[in-house]
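[1] have a look; sequence and predicted model below, questions after that.
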Amino acid sequence: MTDLVVGEDGRARCFWGGSTPDYAAYHDTEWGQPLHGDDALFERLTLEAFQSGLAWITILRKRPAFRAAFDGFSIEKVAAYGEADAARLMADAGIVRNRMKVDAALHNARVAADLPDGLSALLWSFAPAARPRPATRAGVPAVTAESTALAKDLKKRGFKFVGPTTAYALMQATGMVDDHLAGCWVPPLTA
């Protein structure tokens, strides 16, 4: 049980999952759980892009403000945003105000809206075969062949801020891969 932390509740969590109550709740109930649905996955894709260069805890704590600012990450609504909406977002202190990331989010919504089979089907088509949970944090990759292929496909379709590392973080967060460490109390994914 290397690289696990045991919380006050006696549960063994992945090394990062017990550092704050916010992380513990996210680790225990969301991270690594299979997530489907175009809007739900658009939210995660967008938040992973906003996280680039920042700590995930920053995004996690700002997530309610992001949801309000981006109309619950409705692809249809965000795809219709114009320059006034971009200006509104840049003035919103509740979110990360980075013009390149805001513009990418609006652009990505438009690209996602035009996908013939939807965003969820596209993203999940790159999910790798199940594998055993890693024994230690050293066994958790930052990039895989699948995340590289996903990022390449997304970029080819016109998506922005979707490199292989961001794509892999998305795969981890949405249960496309199970990177909870062996010994973590969160039950493994079932087929």
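    Sure thing, it's come through.

[2] hey, let's count contacts and neighbours off CA atoms from now on
    Fine.

[3] count of residues packed around Arg11?
    Arg11 has 16 neighbours, counted by other C-alpha atoms under 10 Å.

[4] pretty sure it contacts Pro187?
    No. Between Arg11 and Pro187 there is no contact under C-alpha atoms under 8 Å: 11.9 Å.

[5] shaky segments in this structure?
    Filtered on pLDDT under 70, the chain yields the residue ranges 1-2, 190-191.

[6] let's see 90
    Applying pLDDT under 90 to the chain flags the ranges 1-2, 7-8, 18-19, 189-191.

[7] which residues of it fall in helices?
    Under the criterion DSSP state H, the chain carries helices at the ranges 21-29, 38-51, 56-69, 75-79, 83-90, 99-113, 119-124, 145-157, 164-173.

[8] to Gly183, which of those helices lies closest?
    If you check each of the helices of the chain against Gly183 by C-alpha to C-alpha, helix 21-29 wins as the nearest, at 13.4 Å.

[9] next, the angle from that closest one to helix 164-173.
    Angle, helix 21-29 to helix 164-173, by axes from the mean of the first three to the mean of the last three C-alpha atoms, to 10 degrees: 70 degrees.

[10] so which bits of stretch 18-27 are buried?
    Across stretch 18-27, burial judged by 16 or more other C-alpha atoms under 10 Å covers 18, 23-24, 26-27.

[11] whoops, I mixed them up, stretch 146-157
    For stretch 146-157, burial by neighbour count (16+ other C-alpha under 10 Å) applies to 146-148, 150-154.

[12] who's in contact with Leu170?
    Residues in contact with Leu170 (C-alpha atoms under 8 Å, 6 or more residues apart in numbering) are 44-45, 48.
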